[in-house]
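>>> Give me coordinates for this.
(one chain, ligands or ions: 1)
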Amino acid sequence: MSGQRILEVSDLKKHFPIRGGLMGGTVGNVYAVDGVSFHINKGETLSLVGESGCGKSTVGKSVLRLFPLTSGQVVLNNQRIDDMPAASLRPIRKQIQVVFQDPFSSLNPRMRVRDILAEPIKNFGLAKTRADIDERIGQLMDKVRLPRDAVNRWPHEFSGGQRQRICIARALAAEPDVIVCDEAVSALDVSVKAQIVNLLQDLQEELGLAMLFISHDLAIVEHMTHRVAVMYLGKIVELADRKQLFGQPRHPYTEALLSAVPVPVPGAVRERVVLTGDVPSPIRPPPGCRFHTRCPYAFDRCRKDEPVLRDVGEGHFSACHLNDGAVADNPLLNKLPPTAFRTEAA
Ligand code: SF4
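So this is what the prediction gives:
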C-alpha cells in the first residue's frame, strides 16, 4: 500500500438547521458531524463505523460534496474541494465515486446496463467512438465478474448482488481514485455480502483505489479494512490500524461495539459489554464526553471536560480521559482484550 495521500479531511462539520417558529427561522441545529478529521492513502481502505445516526453517512456525503459543508476542509488529490462552487465540481466527480446501500433504487429501471455504464464514460470523455465505449463497457463487466452479454438486460432482471456489481461497475467507469461505499453490502444476504466484499478488495488491489467504507457491521469491516475510525454522535472517538483496534481497543464505546461481534469459534463468546441508556440527541449533545451518559467507566471529569482525540501510541488515536491516567489504572487495559474468548461453560 502506497503512502500517497489521496483524501484528507480536517475538522469537518455539517450542522443541519432546524426551522420552526412563526417566521420559519432557525431554532436549533442537528450537529450531525461535529469536527471530524482523517486521511486515506492510495490503495487503502478506511472504515467509518458506528451506530445508526452517528453521522458516518453524512461524512460520506460531505466528502462527495452532495451538500454544502458547515465548515472544515476536504482535500482531494492536493486540491481543496470543500469551498468549490457546485458548477466547478464536475471534474471532481470523476475522481471520487460512490456505491450506495440500496442496489434496487440506485439504478434507473428504464435504462439497460449498457446505457447505465456508457453514461459516465461519455460524460467524462473517456472514450469517443461507439466501438471504444463498447469495449470499455465489456472490460467493466469483466472486472465485476458479470457476463458481457448481460449489458443488454434491464436492472430488474438481476439479483441484489448482481445489481450491486453493476453499481460498482458504474462507479469504476469514471476511473476514480476514491470510492465511497456507503453501507454498500448492508442490504445483501450474508453469502452475497462476502462475495461483494471480496470483489471490492480485489478491485482495490488491482486498481490501487482508496476506499472510504461506511458500515455499521464490524464483522465485515474486520475482514477487509486497513484502518478503522469509530464515530459516536458526530465525532470520531477512536481511530487505529485494524489489528490494534480489534485487538486492543482504547475507547469504551469501541469495546462495547466489538463485544457484540460474533466470534468465529464454535462454543466461544466474547464478554458482552451491554450499553445502558439511550443515544443522546444530536440536537443537544451532552456536555463533556458525549459518551458519558452510557459509559460504564464514566467519572466526574467526563461530565465536564470533552476528551480530545489524541495519539495514545503507534498511531492509535482515542478520545477518552482514561488514556490520561496511569496505564495501571485504566480499566480498559486491565480487562482481557475482546479477542480473548471465554467458552459458554467457563
Ligand atoms: Fe467513558 Fe469518560 Fe472515557 Fe468518555 S472520557 S469514554 S465517559 S471514561
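>>> Residue numbers of the stretch 201-346 of the chain in contact with the ligand?
Proximity of the stretch 201-346 of the chain to the ligand, by CB under 6 Å from any ligand atom, involves residues 251-252, 289, 291-292, 295, 297-298, 302, 307, 320-322. All C-beta spots, glycine's among them, are computed from the backbone N, C-alpha and C.
>>> mind running it again at 5 Å?
Proximity of the stretch 201-346 of the chain to the ligand (CB under 5 Å from any ligand atom) is limited to residues 252, 289, 291, 292, 295, 297, 298, 302, 307, 320, 321, 322.
>>> Are any of those residues buried, and if so which?
Listed as buried from these are 252, 289, 291, 292, 295, 298, 302, 307, 320, 321, 322; burial here means 16 or more other CB atoms under 10 Å.
>>> got the CA positions of stretch 307-316 in PDB?
In PDB, the C-alpha atoms belonging to stretch 307-316 read as follows (Å, rounded to 0.1, in the frame of the first residue of the first chain):
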ATOM      1  CA  PRO A 307     -11.700  14.500  25.800                       C
ATOM      2  CA  VAL A 308      -9.500  15.200  22.800                       C
ATOM      3  CA  LEU A 309      -8.700  12.700  20.100                       C
ATOM      4  CA  ARG A 310      -5.000  12.100  20.600                       C
ATOM      5  CA  ASP A 311      -2.300   9.600  19.800                       C
ATOM      6  CA  VAL A 312      -2.100   7.000  22.600                       C
ATOM      7  CA  GLY A 313       0.800   5.100  20.900                       C
ATOM      8  CA  GLU A 314       1.900   3.900  17.400                       C
ATOM      9  CA  GLY A 315      -0.700   6.000  15.600                       C
ATOM     10  CA  HIS A 316      -3.600   4.700  17.700                       C
END
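>>> For that stretch, give the mean pLDDT please.
On average, the pLDDT along stretch 307-316 is 94.
>>> which of the residues in that stretch are buried?
So, applying 16+ other CB under 10 Å, buried residues of stretch 307-316: 307, 309, 312, 316.
>>> and which of the residues of the stretch 201-346 of the chain next to the ligand is nearest residue 156?
Comparing these against residue 156 with CB to CB places residue 291 closest, at 43.9 Å.
>>> Redo the buried ones among the residues of the stretch 201-346 of the chain next to the ligand as a markdown table? Include secondary structure and distance to residue 108.
Formatted as a markdown table, these follow (DSSP: H, G, I helix; E, B strand; the rest coil; distance: CB to CB, whole Å):
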| residue | secondary structure | distance to residue 108 |
| --- | --- | --- |
| 252 | helix | 45 |
| 289 | coil | 45 |
| 291 | coil | 42 |
| 292 | coil | 46 |
| 295 | coil | 46 |
| 298 | coil | 49 |
| 302 | helix | 49 |
| 307 | coil | 46 |
| 320 | coil | 46 |
| 321 | helix | 50 |
| 322 | helix | 50 |
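>>> just to revisit the earlier point, of the residues of the stretch 201-346 of the chain next to the ligand, which is the nearest to residue 157?
Of those, the one sitting nearest to residue 157 (CB to CB) turns out to be residue 291, at 46.6 Å.
>>> How are the strands of the chain distributed by residue range?
With DSSP state E, the ranges of strands along the chain come out as 5-20, 25-41, 45-49, 71-76, 79-80, 96-99, 178-182, 210-215, 227-232, 235-241, 268-269, 310-311, 317-318, 342-343.
>>> Out of those, which is closest to residue 108?
Nearest of the strands of the chain (CB to CB): strand 96-99, 15.5 Å.
>>> Packing partners of that closest one?
Contact here means 3 or more CB pairs under 8 Å, 6 or more residues apart in numbering; DSSP states H and E; on that basis strand 96-99 packs against helix 160-173, strand 178-182.
>>> Taking strand 178-182 as reference, get the angle to the first one.
Spelled out, that is helix 160-173. Orientation check (axes from the mean of the first three to the mean of the last three CA atoms, to 10 degrees): helix 160-173 against strand 178-182 gives 150 degrees.
>>> Show me how far helix 160-173 is from its chain's centre.
Distance of helix 160-173 from its chain centroid, counting by CA atoms, centre = their mean, to the nearest Å, is 18 Å.
>>> Over to stretch 305-324?
Centroid separation between stretch 305-324 and its chain, computed with CA atoms, centre = their mean, is 21 Å.
>>> and the residue most central in space within the chain, what are its bridge partners?
The residue lying closest to the centre of the chain (CA atoms, centre = their mean) is residue 214, at 2.0 Å. Beta bridges link residue 214 to residue 48, residue 182, judged by DSSP bridges.
>>> right, and it touches residue 183 too?
Yes. Using CB atoms under 8 Å, residue 214 is in contact with residue 183, at 6.0 Å.
>>> Mind listing the shared neighbours of these two?
Contact criterion CB atoms under 8 Å, 6 or more residues apart in numbering; residues shared by residue 214 and residue 183: residue 57.
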